Structures are given as C-alpha cells and as structure tokens.
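Visitor: Compute the structure for the input listed below.
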Amino acid sequence: MPGHASILYDVTQIVGFDPARDDSALNDSGQVAGTTSTGMAGTWSNGVVVSVAIPGASSSEALGINNSGDIAGEFCPSGGGVCPAFLYSNSLLTNLGTLGGIDAVATGINEYGQAAGYLLTSAGPSHAFLYENGNMTDIGTLGGSSSIAYGINNSGEVTGNSAIASGDGHAFLYSAGTMTDLGTLGGTFSSGVAINNSGQTVGVSYMPGNGAWHAFLDNGGKMTDLGTLGGTVSEADGVNDSGQVVGFAFTAGGVSHAFLYSAGTMIDLNSVIDPSLNITLQQAYAINNADQILAIGNHGWELLTPVAAAPEPSAWLLFSGGFLGFAMFRRRNRFANDNPKPIKRRYPEVAYRLTGKSSTNRMRWD
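Guide: Below is the predicted model:
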C-alpha cells in the first residue's frame with residue numbers, strides 16, 4: 001500500500017446495512033439507500049437506519065436514491081411469485097410492475113421521479129426500461145435480444161449494456177428515444193454503469209484480446225481508458241457532476257482496491273484515509289456532488305467525507321509516493337475462463353442474461 005502522506009477523508013461506518021449485499025446508492029446529502037441487515041430495503045443517514053415497509057414482501061432491495069430521499073428497487077412477495085420494481089416516495093410505495101415479465105428491478109431514479117432498470121422476460125432475456133409519468137417503456141436493444149439499464153440522469157438519459165447483433169454486449173447511451181452504441185476499449189464486451197448530469201458515462205470494458213478489462217469514462221462518444229492500480233482489472237461504478245469517478249482496480253498483487261479518478265489521475269483510496277483504522281477499501285460504488293464516497297471494505301459499508309478541499313493534480317502525485325507510476329468485482333470466485341472475478345460486484349447478470357452463450361472470453365459469474 002502506498003504511503004499515507006495525507007489523510008483526505010474521514011471514514012464513517014454504515015452500521016445496519018448488509019455487508020454481503022452490493023446494492024447501495026448515495027445522494028448529495030450523504031443519505032445512503034440499500035439493503036438493511038433484516039434483508040429489506042432501507043436508508044441510512046447520520047447513523048440512523050430506516051427500513052421501507054412493503055406489505056406482503058419477504059425481501060426487498062434499494063438500488064437508487066435521489067436528493068429528495070426517494071428510492072428505487074425491487075421487492076419479492078412472501079410465498080414466491082413475480083418480483084416487481086418499485087419506487088418509494090414520502091412513505092408511499094409505487095409498484096412499477098414488470099411490463100409482462102417475471103421480474104423487474106429499478107436500478108436508478110432521478111430528481112424528477114424517472115426511473116431506469118430492467119425486466120426479465122419469461123423467455124429469459126432481460127430488457128432495459130424507462131419509467132416516467134406512470135408508464136414503463138421497454139427502450140429496446142442495439143440489435144441483439146437483451147439489454148439492461150443501470151443509471152439515469154436528470155435529463156432522462158440512461159446507460160447500461162445491450163446485446164448487439166453478434167450477441168456481444170456493448171455499453172449504451174439512451175437519449176431522446178435513441179439508443180447509441182458506445183463501443184468498447186478494443187475487446188468484445190463493455191457496460192455502462194453510471195451517468196452524470198452532463199451525460200458522461202462510466203463503466204467497464206474488455207481490452208483487446210479480452211484478457212483484461214478496464215474502467216472507462218465516455219464523454220460525448222469518446223471512451224477513455226482510466227487504467228488500473230498496477231493490475232489488469234478495473235471498473236468504474238460512480239461519477240459525479242464534476243466528472244470525478246470511483247470504482248475498483250486491482251493492484252499489481254491482484255488485490256481489489258477502491259479508487260478515485262480525478263483530473264486525469266487514479267489514486268488508491270486506501271492511501272488517503274487514516275491507516276490506524278485498519279480498513280481496506282475494496283470497491284467504491286458512488287461519489288456525490290459533495291465529493292463524499294460510498295465504499296465497501298473489510299469492515300463493511302463506509303462513507304468517506306472529505307476533510308479538506310481536493311488537492312490539485314500535482315499534489316496527488318506528490319503524496320502518492322510513486323505509486324501512480326503504474327500504468328494507469330465480493331468473493332474470490334473466478335471467471336469460467338479463469339480470469340479473476342471482482343471481490344465486490346454489483347451486477348452479476350450483465351453478460352449471463354444478455355447472451356446465454358459460452359462464457360469463453362466473456363464476463364460470466366457462477
């Protein structure tokens with residue numbers, strides 16, 4: 001681990017959320033939505049956990065939250081059956097249904113109550129949806145059979161992953177009724193994970209040859225490789241309106257560490273927290289417009305809050321102790337093609353639901 005020349009974040013443990021789940025989200029007030037220790041959707045704010053009461057539900061999860069504290073997610077009824085997507089606002093639950101499918105998940109919600117997510121059809125493939133004004137709309141694909149939406153911004157733009165005609169999955173941007181293929185970093189697979197209010201999209205893509213996969217930032221159709229922390233794997237999971245990106249990356253030793261990418265530089269978040277806490281941050285899931293970061297580590301969920309203004313890029317390099325000289329998802333399972341699986345991964349369905357094909361040279365989770 002690089003030297004701790006500067007502590008830039010205070011760390012608050014989020015007690016009461018299930019550390020085995022990876023479905024949490026963060027708003028600009030530092031309010032967190034996710035799955036509580038009781039297996040139900042809920043929120044955390046300033047140390048207080050509030051569960052969402054869903055009559056007849058045996059389980060639920062929250063995957064998105066806006067600045068009004070409205071949340072989006074999925075619940076499953078007691079006794080089994082269809083698991084629909086939901087929105088929860090001002091103590092009122094809205095069942096979004098499944099658009100005729102057997103399951104639906106709302107993965108994000110914006111300030112205007114629009115939501116994005118995906119449904120699972122009875123035939124198997126998943127379809128991305130946009131919910132607005134009381135209607136759920138299938139937003140289509142890039143020519144293949146399936147799509148999944150993960151993020152939505154205040155303009156109603158959506159990002160996620162769609163199968164193309166060949167069956168490979170590509171990241172997309174859906175805007176004003178049109179789904180655009182964002183391409184890849186040279187490999188056969190990519191997925192958008194989050195989008196900010198400027199339309200910048202972040203996610204993950206295979207590199208040429210599919211032997212490695214890297215985090216990316218797409219701005220206006222230009223996809224930038226964000227690199228790694230010395231290893232062969234990284235993924236971007238969150239982006240704020242300033243274009244700061246968080247996610248995870250493997251170190252040279254093959255260990256998953258949470259990162260922050262800012263002003264063209266990727267840093268290991270473990271290098272800018274108090275080492276006496278004995279916390280190893282494995283993955284960062286979100287960053288808000290107050291620069292707070294939601295991450296998970298060996299002690300569970302954590303909220304990082306800046307203790308001072310972020311330094312200039314040159315300062316990042318000074319306190320990194322040379323660690324940034326490297327070329328710049330959680331259980332220890334592996335891909336079927338023996339590529340390392342992340343320690344923490346939010347979206348195990350991406351390629352498996354999209355293609356159903358052989359897992360050779362594809363992202364697949366058992």
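Visitor: And the residue sitting nearest the centre point of the chain, how far from residue 287?
Guide: In the chain, the residue lying closest to the centroid (C-alpha atoms, centre = their mean) is residue 237, at 3.8 Å. Separation of residue 237 from residue 287 (C-beta to C-beta, to the nearest Å) stands at 9 Å. C-betas here are computed from N, CA, C, even on glycine.
Visitor: Tell me the residues that contact both of the two, please.
Guide: In terms of C-beta atoms under 8 Å, 6 or more residues apart in numbering, residue 237 and residue 287 are both contacted by the residues residue 246.
Visitor: tell me the contacts of the residue nearest to the centre of the chain?
Guide: Counting by C-beta under 8 Å, 6+ apart, residue 237 touches 193, 194, 202, 246, 247, 248, 283, 284, 285, 286, 346.
Visitor: pLDDT below threshold where in the stretch 251-366 of the chain?
Guide: Scanning the stretch 251-366 of the chain for pLDDT under 70 picks out 308-366.
Visitor: May I see the contacts of residue 237 arranged in JSON lines, with neighbour count, secondary structure and distance to residue 297 as well?
Guide: Converted to JSON lines, these look like this (neighbours: other C-beta atoms under 10 Å; DSSP: H, G, I helix; E, B strand; the rest coil; distance: C-beta to C-beta, whole Å):
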{"residue": "193", "neighbour count": "27", "secondary structure": "strand", "distance to residue 297": "19"}
{"residue": "194", "neighbour count": "27", "secondary structure": "strand", "distance to residue 297": "20"}
{"residue": "202", "neighbour count": "30", "secondary structure": "strand", "distance to residue 297": "21"}
{"residue": "246", "neighbour count": "27", "secondary structure": "strand", "distance to residue 297": "13"}
{"residue": "247", "neighbour count": "30", "secondary structure": "strand", "distance to residue 297": "14"}
{"residue": "248", "neighbour count": "31", "secondary structure": "strand", "distance to residue 297": "11"}
{"residue": "283", "neighbour count": "27", "secondary structure": "strand", "distance to residue 297": "8"}
{"residue": "284", "neighbour count": "26", "secondary structure": "strand", "distance to residue 297": "10"}
{"residue": "285", "neighbour count": "26", "secondary structure": "strand", "distance to residue 297": "11"}
{"residue": "286", "neighbour count": "22", "secondary structure": "strand", "distance to residue 297": "15"}
{"residue": "346", "neighbour count": "21", "secondary structure": "coil", "distance to residue 297": "15"}
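Visitor: What is the nearest of these to residue 95?
Guide: residue 346 (23.5 Å; C-beta to C-beta).
Visitor: Confirm for me that residue 162 is in contact with residue 128.
Guide: Yes: assessed by C-beta atoms under 8 Å, residue 162 is found in contact with residue 128 at 7.0 Å.
Visitor: shared neighbours of the two, which are they?
Guide: Here residue 162 and residue 128 share the contacting residues 140, 141, 147, 148, scored by C-beta under 8 Å, 6+ apart.
Visitor: So which of these belong to strands?
Guide: Residues of the shared contacts of residue 162 and residue 128 located in strands (DSSP state E): 147, 148.
Visitor: From the shared contacts of residue 162 and residue 128, list the buried ones, please.
Guide: Among the shared contacts of residue 162 and residue 128, the ones that count as buried by 16 or more other C-beta atoms under 10 Å are 141, 147, 148.
Visitor: would a markdown table of those with distance to residue 100 and pLDDT be doable?
Guide: What follows is these, written out as a markdown table (distance: C-beta to C-beta, whole Å; pLDDT from 0 to 100):
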| residue | distance to residue 100 | pLDDT |
| --- | --- | --- |
| 141 | 16 | 97 |
| 147 | 16 | 97 |
| 148 | 17 | 97 |
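Visitor: quick check, nearest of the residues you listed to residue 178?
Guide: When those are ranked by distance to residue 178 (C-beta to C-beta), residue 141 comes first, at 12.5 Å.
Visitor: so what does the one helix or strand residue 60 maps to touch, helix or strand wise?
Guide: Assigned by DSSP states H and E, residue 60 belongs to strand 57-65. Using 3 or more C-beta pairs under 8 Å, 6 or more residues apart in numbering; DSSP states H and E, the elements in contact with strand 57-65 are strand 25-26, strand 32-35, strand 41-45, strand 71-77, strand 103-109.
Visitor: show me what contacts residue 144?
Guide: The contact partners of residue 144, by C-beta under 8 Å, 6+ apart, come to 162, 163, 164, 165, 166, 167, 168, 169, 354.
Visitor: let's see it at 6 Å
Guide: Contact analysis of residue 144 by C-beta atoms under 6 Å, 6 or more residues apart in numbering lists 163, 164, 167.
Visitor: Looking at the residues you listed, which are in strands?
Guide: Of those, the ones assigned to strands by DSSP E are 163, 164.
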